[in-house]
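> Predicted structure and sequence below. I'll ask about it afterward.
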Amino acid sequence: MASGCLGYMRCWTLLVGLGFCAFVPGGRATPAQTAEGAMDRFRQVDAIRTKDHAGFVDGLGGLHRDEDGLKADEKRYLRFLDGWEANYEGRYAQAEAAFRDVMAIADDDMLGTRATAMLMNNLTGQGKYAEAYAMASRAVDTLPVVTDPEARFSLLANLSQMLTFAGQPELGLKYAEMMLKATPAGQSPCQAMVQKVTALEGARELTDRSPELLNTIDICKADRQPIFADTMSLILVDRLFAEHKLDQALATVERIEPAIQTSRYFPHIIDLASQRARIYEAMGKPEEARKAALQTVALNHPGDVNEALRIAYRVLYSIDKAQGNDAGALDYYERYVIQDQGYLRDANVRNAAYEAASQHFRAEKLETEGLSKENRILRLQQALDAKAVETSRLYMVVMSLVLLSIVFWMVRIKRSQLRFKWLSSCDGLTGIFHHQHFVGEAERALRVLEKRGGEGCLVFLDLDHFKQVNDAHGHAVGDAVLKHAVAVFKGQLRKADLLGRLGGEEFGMLLMDTPRLQGSVVAERVRQALESSPLVVEGVVVAFSVSIGLACTDTTGYGLQDLCRAADAALYQAKHLGRNRVVVDGDEISGRLRVSSPH
Ligand SMILES: Nc1nc2c(ncn2[C@@H]2O[C@H](COP(=O)(O)OP(=O)(O)OP(=O)(O)O)[C@@H](O)[C@H]2O)c(=O)[nH]1
């Protein structure tokens, strides 16, 4: 089944709601604040947000008790701190309102810039990616004029975090490095290092021995920043697990548990439980694994979609499957798929929003450049007018140049728009449709089929034991296998058929104008083609196979959801019956279970 989730997603989940908000504000006061010593109380409470969160909540309560006598700027500061706390607790709508109130008064002073930075974090937490990325691209423009160290630090931190989350870890790293430089002498580099490690995790450059990771845990502990230290420790658990150092991973989980129970930071609590579940599962302790996975599920609320639940349901599914409890396994598998697809949907929306914002950003820049070119040419034209005869000839030449350059820029803008449109519909690794685009195209194609009464088949394909390919030959060879498999699939399809990557090593095909019998023949042909063409990398033969589930419009109708459910169930059967085979949905109901395989 598809693995789906990437490292930067985990990192984001571990930091969401926390936002980053400057280093300890206390070292420096603006003239207005010095004049009003009362502001110091606010700054003291502000300073312990993440270090001593319980103390911060108490302090905030104290400030509210004296609310009636507060001046306008103190009320604004209080509103900001309320917003921060709401964000921490996951009350995103309330936090958003508070940050917007602070920005409405002024968004270019220190507090306004901090509120802007926090709002970017907040909008991302709420999945409002388009607005968040549009704000981020504006924030990049304002960065050169933000001189207040606290506001600048906060902006850099949130930009780094958002870009890493948007799948741009190299850019995230760039802003993390700028944060490190912006950390004033004497201040701990804990928060800047957390961002740097997060970006490195996003770029898949961390191991359990990476000095950046291990040092940052120590640095944040020394700075008495338990939440940031725990965030790093949870990444360490993840890396240890990836390296199969299960005893060490479990020991780390046990070690950090008391601190996490004290801070009561929800993303950490559920992450810890799900990590424990998958470690026990890998250790071959199914009962402990089941207990931890059920605990993860119980901690969440109905309708929640997150990485911890995805892991928990996968563990529960595997245990029931191994113990022969097929009904339980199928139930957990369905829940797992909902979590997995929820993640993929979110990732697709996020990526499309990022692409749209960066495209808009670039397009705006191009327009500005085009306009300033035009202005220069017009000034030139006025000067030429004074110079009688030759001027008009030159004028013609210049005008042609203007026209040419406008046409040139328009073509470039159009080309980059088309390119971004194409990129946002395709999977980066294999170049075929990504999940969201495949679903849209398949729905359109099915409506066409239904209108003219044609028949079609939906095929789900999942490479077998792909994890072992990665483990045995490395991730780069795993990627090459995925590309190779797509080339083989393409060779078996007609122009009208659709092909998409649904996630990890899972693919989908829609065979147009194909009745059930012909569909099963095509599916079997695909299976055989893959089996008979292993990938050869530097003389090493990497053999692999595929399990296939097929469903057709003659039994399910033309609704994509029904087709998906049926194809998914058939694929589950194909895996269950031993893999490397085709199972055709519906045939087993009539007692004619059609299973084709090499066995
Ligand atoms: N190389 C590479 N691996 C990926 C990619 N996406 C997901 N994977 C890996 O695919 C593997 C999927 O593992 P599982 O979900 O356990 O599935 P499986 O190993 O194929 O097991 P079965 O489906 O039951 O046969 C995980 O190890 C993922 O890390 C990718 O883009 N490239």
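Noted; the coordinates are in hand. This one's a predicted model, so the numbers in the text were calculated from it and none came from an experiment.

> Do I have it right that residue 55 meets residue 46?
No: in this structure, residue 55 is not within contact of residue 46 by CB atoms under 8 Å, at 11.6 Å. Any C-beta I mention is one placed from the backbone N, CA and C, and that applies to glycine too.

> Tell me how far the closest residue to the ligand within the stretch 251-400 of the chain lies from residue 489.
Minimum separation of the stretch 251-400 of the chain from the ligand (CB to the nearest ligand atom) falls at residue 314, amounting to 7.7 Å. Distance, residue 314 to residue 489, using CB to CB, to the nearest Å: 25 Å.

> ok, the two, which is more surrounded?
residue 314 (25 against 21; other CB atoms under 10 Å).

> What's the per-residue pLDDT of the residue of the stretch 101-250 of the chain found nearest the ligand here?
Nearest residue of the stretch 101-250 of the chain to the ligand: residue 242, at 9.0 Å (CB to the nearest ligand atom). pLDDT recorded at residue 242 is 93.

> Skipping its backbone neighbours, what lies nearest it in space?
Nearest residue to residue 242, sequence neighbours excluded (CB to CB, 6 or more residues apart in numbering): residue 208, at 7.9 Å.

> Mind listing what's buried along stretch 401-411?
residue 402 (16 or more other CB atoms under 10 Å).

> Ok, stretch 211-218 next?
213, 216, 217.

> could you dump the residues you listed to TSV with distance to residue 69?
Putting the buried residues of stretch 211-218 into TSV (distance: CB to CB, whole Å) gives the following:
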residue	distance to residue 69
213	47
216	42
217	43
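
> which bits of this structure sit near the ligand?
When proximity is defined by CB under 6 Å from any ligand atom, the chain lies next to the ligand at 1, 3, 429, 462-467, 470, 475, 478-479, 482, 504-505, 575, 579.

> Is the residue nearest to residue 242 in contact with residue 243, as I believe?
Yes: under the criterion of CB under 8 Å, residue 208 makes contact with residue 243 at 5.5 Å.

> Would you mind measuring from residue 308 to residue 204?
From residue 308 to residue 204 the distance is 20 Å (CB to CB).

> pLDDT at whatever residue of the stretch 401-550 of the chain ends up closest to the ligand, what is it?
Per CB to the nearest ligand atom, residue 478 is where the stretch 401-550 of the chain lies closest to the ligand, at 2.4 Å. Turning to residue 478, the model gives it a pLDDT of 96.

> That one contacts residue 465, doesn't it?
No: look at residue 478 against residue 465 with CB under 8 Å: they stay out of range, at 11.5 Å.

> what bits of this protein have low per-residue confidence?
Residue ranges of the chain with pLDDT under 70: 1-38, 358-389, 391, 587-599.

> Okay, domains of it per the record?
353-425, 435-596 (automatic domain parsing).

> Contacts for the strand or helix carrying residue 250 next, please.
Of the helices and strands defined by DSSP states H and E, residue 250 is found in helix 246-263. With CB atoms under 8 Å, 6 or more residues apart in numbering as the test, helix 246-263 has contacts from 53, 208, 226-227, 229-230, 233-234, 236-237, 240-241, 268-269, 272, 275-276, 279-280, 282-283.

> List the buried residues for it?
For helix 246-263, a neighbour-count test (16+ other CB under 10 Å) marks 246, 248, 249, 250, 252, 253, 256, 257, 259, 260, 263 as buried.

> next SSE after it?
Sequence-wise, the next helix or strand downstream of helix 246-263 (DSSP H and E) is helix 266-283.

> That next one vs helix 246-263, what angle?
Using axes from the mean of the first three to the mean of the last three CA atoms, to 10 degrees, the direction of helix 266-283 lies 160 degrees away from that of helix 246-263.

> Packing partners of helix 266-283?
helix 7-15, helix 226-242, helix 246-263, helix 286-299, helix 307-322 (3 or more CB pairs under 8 Å, 6 or more residues apart in numbering; DSSP states H and E).

> export that helix as PDB, just CAs?
Coordinates of each C-alpha in helix 266-283 appear next as PDB, following Å, rounded to 0.1, in the frame of the first residue of the first chain:
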ATOM      1  CA  PHE A 266      -1.300  17.700  21.600                       C
ATOM      2  CA  PRO A 267       0.700  17.000  18.400                       C
ATOM      3  CA  HIS A 268       3.500  15.600  20.500                       C
ATOM      4  CA  ILE A 269       1.200  13.400  22.600                       C
ATOM      5  CA  ILE A 270      -0.400  11.700  19.500                       C
ATOM      6  CA  ASP A 271       2.900  11.400  17.700                       C
ATOM      7  CA  LEU A 272       4.500   9.700  20.700                       C
ATOM      8  CA  ALA A 273       1.700   7.100  20.900                       C
ATOM      9  CA  SER A 274       1.800   6.300  17.200                       C
ATOM     10  CA  GLN A 275       5.600   6.000  17.200                       C
ATOM     11  CA  ARG A 276       5.400   3.600  20.100                       C
ATOM     12  CA  ALA A 277       2.800   1.500  18.100                       C
ATOM     13  CA  ARG A 278       4.900   1.100  15.000                       C
ATOM     14  CA  ILE A 279       8.100   0.400  17.000                       C
ATOM     15  CA  TYR A 280       6.400  -2.400  18.900                       C
ATOM     16  CA  GLU A 281       5.000  -3.700  15.700                       C
ATOM     17  CA  ALA A 282       8.400  -3.800  14.100                       C
ATOM     18  CA  MET A 283       9.800  -5.500  17.300                       C
END
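
> Can you point out the buried residues in it?
Using 16+ other CB under 10 Å as the test for burial, helix 266-283 gives 267-281.

> picking up where we left off before, got the angle for the helix holding residue 250 vs helix 226-242?
Going by the same axes, to 10 degrees, helix 246-263 makes 160 degrees with helix 226-242.

> Which parts of stretch 295-304 count as buried, going by neighbours?
For stretch 295-304, the neighbour count (16+ other CB under 10 Å) marks 295, 296, 297, 299, 300 as buried.

> now these as a markdown table including distance to residue 69?
Listed next are the buried residues of stretch 295-304 as a markdown table, based on distance: CB to CB, whole Å:
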| residue | distance to residue 69 |
| --- | --- |
| 295 | 47 |
| 296 | 47 |
| 297 | 48 |
| 299 | 41 |
| 300 | 42 |
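
> Next, give me the two most distant ones among those residues.
The largest separation in the buried residues of stretch 295-304, counting by CB to CB, is between 295 and 300 at 10.2 Å.

> Now residue 310. Nearest residue, chain neighbours left out?
Nearest non-adjacent residue to residue 310 (CB to CB, 6+ apart): residue 339, at 3.9 Å.

> Show the contacting residues for the one you found.
Applying CB under 8 Å, 6+ apart, the residues contacting residue 339 are 305, 306, 309, 310, 313.

> which one is the first one nearest to, not counting chain neighbours?
Spatial nearest neighbour of residue 305, excluding adjacent residues (CB to CB, 6+ apart): residue 342 at 3.5 Å.
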